[in-house]
Every structure is written in structure tokens, then in C-alpha cells.
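Q: How does the following fold in three dimensions:
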Amino acid sequence: MGEDRTGRDDSLDLSARARAYELVRAALSDRDQGREGAAARSAAGDVLAEDGVEGLADVAVDLALRLASALERIAADQGLAAVDLAEVWFAD
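A: Below is the predicted model of the structure:
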């Protein structure tokens, strides 16, 4: 899966990482098919059913850390602070 830039060590739960990747792929697939979130919601439901609330929380944390890492790289390329870029991305 490439270099881990989230700052997490080698004890990273690979199951959570794989599930996070599945959710992102599902979300991208949904966008291509105009179903905004349907497959990702289904994949998240699968995580909840198979791994419980703790497993779903692990996936959410993994996604948040990876998004933060991506925002930091994008912000650095644009000469911005990552928190400012996040505010713009998540503003209503």
C-alpha cells in the first residue's frame, strides 16, 4: 500500500487500513455512477456488522489520519496551513 505518512508505527491495524481503502474505493465508484455514498455506506455497514463499533471506529480514525496527511501535503504544495485548507474543504 505504499509509504505510511500518517505517523503511525508498524503496529497499524492492517484490517482497518484495508477497510478504509475499501470505503474510499466504494465512494469513488459511487461518484462515477452518480450514487453518492451508497456503496460506501454499505461497506461501512459491513465493517460494523463484522467488526463492531470498535472496528468501525478504527476505520474512521484511519481515514481521518490519512485525510489529514493528504491535506498537509496539498497545503504545503499550495503554501497554506493544513488547518486552513481543511476549513475550506469542510465549510458548508
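Q: For whatever helix or strand Ala49 lives in, the averaged confidence score.
A: Secondary structure from DSSP states H and E places Ala49 in helix 38-78. Across helix 38-78, pLDDT averages out at 93.
Q: and the next element down the chain from that helix?
A: helix 82-90.
Q: tell me the centre residue of the chain?
A: Nearest to the mean C-alpha position of the chain, counting by Cα atoms, centre = their mean, stands Leu63 at 2.6 Å.
Q: List the contacts of it.
A: Counting by Cβ atoms under 8 Å, 6 or more residues apart in numbering, Leu63 makes contact with Ala20, Leu23, Val24. Heads up, the C-betas are built off the backbone N, CA and C, glycines and all.
Q: residues contacting Ala64?
A: Per Cβ under 8 Å, 6+ apart, neighbours of Ala64: none.
Q: Next, work out how far apart it and Val53 are.
A: According to Cβ to Cβ, to the nearest Å, Ala64 and Val53 sit 16 Å apart.
Q: Check Gln78 too.
A: Taking Cβ to Cβ, one finds Gln78 at 37 Å from Val53.
Q: Now do the contacts for Asp30.
A: Listed by Cβ under 8 Å, 6+ apart, the contact set of Asp30 reads Glu36, Gly37, Ala38, Ala39, Ala40.
Q: do Ala20 as well
A: Counted by Cβ under 8 Å, 6+ apart, Ala20 has contacts Val59, Asp62, Leu63, Arg66.
Q: That's all I had, so thanks and see you.
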